[in-house]
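Student: Let's see this in three dimensions:
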Amino acid sequence: MSDTEKAFQINVSDADIEFLHKKLELTRFPDELDEAGWNYGAPLADVRRLVARWKDGYDWRKVEAEINAIPQFTRDIDVDGFGTLNIHYIHQKSSVATAVPLLFVHGWPGHFLEVRKMLPILTAASPDHPSFHVVALSLPGYGFSEAPKKKGFRGLQYAEVANKLMLALGYNEYVVQGGDWGYYISKLIVAEYGTKTVKAWHTNMPVAGPPSVWTHPGQFLLFLVKPFTAAERAGFGHSQTFQKKGNGYFMEQSTQPQTVGYSLADSPAGLLAWIYEKLVRCTDSYAWEDDEVLTWISVYWFSRAGPAASVRIYYEVIQDDPGALRMAKYSPIPLGLSFFPKEPVVVPRLWARTLGNVVFEAEHERGGHFAAHERPEDLAGDLRKMFGKGGPAYGVVPGKDGYVGRDARL
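Tutor: You can find the predicted model right below:
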């Protein structure tokens, strides 16, 4: 593993921007049924408007400069059996020397910028709440990280990259937060490195099945006699609707990622529609601004490996273990759960408690899949409560409670 960290700035070439505009100019749109709305997918009017803005009004150079104001770096990470990958990451440090090291892990169709709105909240110094040193990597094949070249790069390899990155940064003990694939990867980080390096974890997307009489007998008995709450019943309905109407992308990406990859790599309009539909349908009536959407999509279009590389994780993980996402290898490491009602998969609290040593739970009235972006105050607030004084994971990283004190400032 290389100890050489390099400062990183996004610098998309003029030729790449010109190529994007040419591709957008040549977009051929499909037809659409009258009054189709969202029933058949992303509406034609929305995609036409976004393509036109991307081509003629959206200023990538302005956005690029704004992103580059965030401290970004790259570092080579050696992955067992897969050689060396150059990994891109944000490393936003707090002014508090005793800040809690926090690894943020994104999923698809997210990326490293999901954490952006939480950075000023999490790194703020105060005697009233903990502060965090935040590391948010671009997973291999996403954003500006290098993609693996060999088959079989699965969850354990992503976990290995993330853990080795934190160790390389000098964080021998840390906590982790993740949703989507970040939830699954965080779960593997805990399973592989818990107690040694990972001291606690938190997820906003707990995925679990009902408790088993063999593994969780006490919770199984409660499951038999305790009625579901109104919120849990609503969650079942929402999850069932998503499985029927919104899960097609999962089936394609977990079985034939190369096939859909041609469209994602060749057509910016196709990439836009593929991800935009998820941004809208997986949030809780979040008011997406057009340029906000285009920035999100542009990170995929201009990514180092190209957008097709990002979907291979579905194939590698699911073909290896179809039940991987519901895997619940128990760990004594403290676990925090945040429930948002428009998460595509919403499970009862009793089910989620089978995932580990649950010490913190929070249920929110609003919010969906991209909680860090959509409801940053809520998610960051949950982390403050979990790791703050009086919280169940306070002081879990020895010597790093995150509070300002007389000797706490750098």
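Student: How about the contacts made by the most centrally placed residue in the chain?
Tutor: With distances taken as CA atoms, centre = their mean, the residue of the chain nearest its centroid is residue 106 (2.1 Å). When contacts are counted by CB atoms under 8 Å, 6 or more residues apart in numbering, residue 106 touches 112, 114-115, 136, 138-139, 142, 178-182. Glycine gets a C-beta too; all of them are placed from N, C-alpha and C.
Student: what's the farthest-apart pair in the residues you listed?
Tutor: 138 and 179 (15.6 Å; CB to CB).
Student: All the helices of the stretch 101-250 of the chain, in order from the start?
Tutor: Taking DSSP state H, counting those that start in this stretch as the test, the helices found in the stretch 101-250 of the chain are 119-122, 155-168, 181-193, 217-225, 230-245, 248-255.
Student: Let's see the helix or strand of the chain with the lowest mean pLDDT as PDB, backbone CA atoms only.
Tutor: Confidence across the helices and strands of the chain bottoms out at helix 217-225, with a mean of 77, counting by mean pLDDT, DSSP states H and E. The C-alpha trace of helix 217-225 is given here as PDB (Å, rounded to 0.1, in the frame of the first residue of the first chain):
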ATOM      1  CA  PRO A 217     -35.400 -16.600  19.400                       C
ATOM      2  CA  GLY A 218     -36.400 -13.700  21.600                       C
ATOM      3  CA  GLN A 219     -37.100 -11.400  18.700                       C
ATOM      4  CA  PHE A 220     -38.800 -14.300  16.900                       C
ATOM      5  CA  LEU A 221     -41.300 -14.600  19.700                       C
ATOM      6  CA  LEU A 222     -41.900 -10.800  19.600                       C
ATOM      7  CA  PHE A 223     -42.400 -11.100  15.900                       C
ATOM      8  CA  LEU A 224     -45.200 -13.600  16.400                       C
ATOM      9  CA  VAL A 225     -47.100 -11.600  18.900                       C
END
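Student: elements contacting that helix?
Tutor: Contact here means 3 or more CB pairs under 8 Å, 6 or more residues apart in numbering; DSSP states H and E; on that basis helix 217-225 packs against helix 349-352.
Student: Tell me the buried residues in the next helix or strand after the helix it packs on?
Tutor: Remark: after helix 349-352, the chain's next helix or strand is strand 357-363, criterion DSSP states H and E. Going by neighbour count (16 or more other CB atoms under 10 Å), the buried part of strand 357-363 is 357-362.
Student: what separates residue 355 from residue 233, distance-wise?
Tutor: Residue 355 sits 21 Å away from residue 233, taking CB to CB, to the nearest Å as the criterion.
Student: My error: substitute residue 388 in the last question.
Tutor: Plainly put, residue 388 is 32 Å away from residue 233 if you go by CB to CB.
Student: Mind listing what's buried along whichever strand or helix holds residue 87?
Tutor: Using DSSP H and E, the element containing residue 87 is strand 83-92. Within strand 83-92, the residues that count as buried by 16+ other CB under 10 Å are 85-92.
Student: low pLDDT regions in the stretch 251-400 of the chain?
Tutor: 326-328 (pLDDT under 70).
Student: ok, now with 90
Tutor: Applying pLDDT under 90 to the stretch 251-400 of the chain flags the ranges 319-331, 349-352.
Student: about what we covered before: give me the contacts around the least confident helix or strand of the chain.
Tutor: With CB under 8 Å, 6+ apart as the test, helix 217-225 has contacts from 210-213, 350-351, 353-354.
Student: Quick check: buried residues in that helix?
Tutor: For helix 217-225, a neighbour-count test (16+ other CB under 10 Å) marks 219-220, 223 as buried.
Student: if I pick the nearest residue to residue 278 once chain neighbours are set aside, what's in contact with it?
Tutor: In space, and not counting its chain neighbours, residue 278 is closest to residue 109: 5.4 Å by CB to CB, 6 or more residues apart in numbering. Residues near residue 109 by CB under 8 Å, 6+ apart: 274-275, 278-279, 296, 300, 310.
Student: which of those sit farthest apart?
Tutor: 279 and 310 (14.7 Å).
Student: Of the two, give the one with the bigger neighbour count.
Tutor: Taking other CB atoms under 10 Å, residue 279 and residue 310 do not tie; residue 310 has more neighbours (29 against 22).
Student: what's the distance between that one and residue 158?
Tutor: To residue 158, residue 310 is 12 Å away according to CB to CB.
Student: And for residue 116?
Tutor: In this view, residue 116 and residue 158 are 21 Å apart by CB to CB.
Student: follow-up on the earlier one: may I see the buried residues of helix 217-225 organised as a markdown table, with distance to residue 249 added?
Tutor: A markdown table is the format used below for the buried residues of helix 217-225 (distance: CB to CB, whole Å):
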| residue | distance to residue 249 |
| --- | --- |
| 219 | 32 |
| 220 | 33 |
| 223 | 31 |
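Student: Just say helix, strand or coil for residue 27.
Tutor: Secondary structure, DSSP: H, G, I helix; E, B strand; the rest coil: residue 27 is coil.
Student: thought it was touching residue 52?
Tutor: No. Applying CB atoms under 8 Å as the test, residue 27 and residue 52 come out as separate, 9.4 Å apart.
Student: what about these two, which has more around it?
Tutor: Counted by other CB under 10 Å, residue 27 and residue 52 do not tie: residue 27 has more neighbours, with 17 against 14.
Student: Nearest residue to that one in space, please, no chain neighbours.
Tutor: Residue 27 sits nearest to residue 269 (CB to CB, 6+ apart), 4.5 Å away.
Student: hmm, back to that, identify the farthest-apart pair in the contacts of helix 217-225.
Tutor: Spanning the widest gap among these are 213 and 353, at 15.1 Å by CB to CB.
Student: So between these two, which is more surrounded?
Tutor: Legend: neighbour count by other CB under 10 Å for residue 213 and residue 353, higher for residue 353 (22 against 12).
Student: Can you give me the separation between that one and residue 238?
Tutor: 20 Å.
Student: Then residue 6?
Tutor: Here residue 6 is placed at a distance of 44 Å from residue 238 (CB to CB).
Student: and what of residue 280?
Tutor: 15 Å.
Student: I'd say residue 397 and residue 199 touch.
Tutor: Yes. Applying CB under 8 Å as the test, residue 397 and residue 199 come out as touching, 5.0 Å apart.
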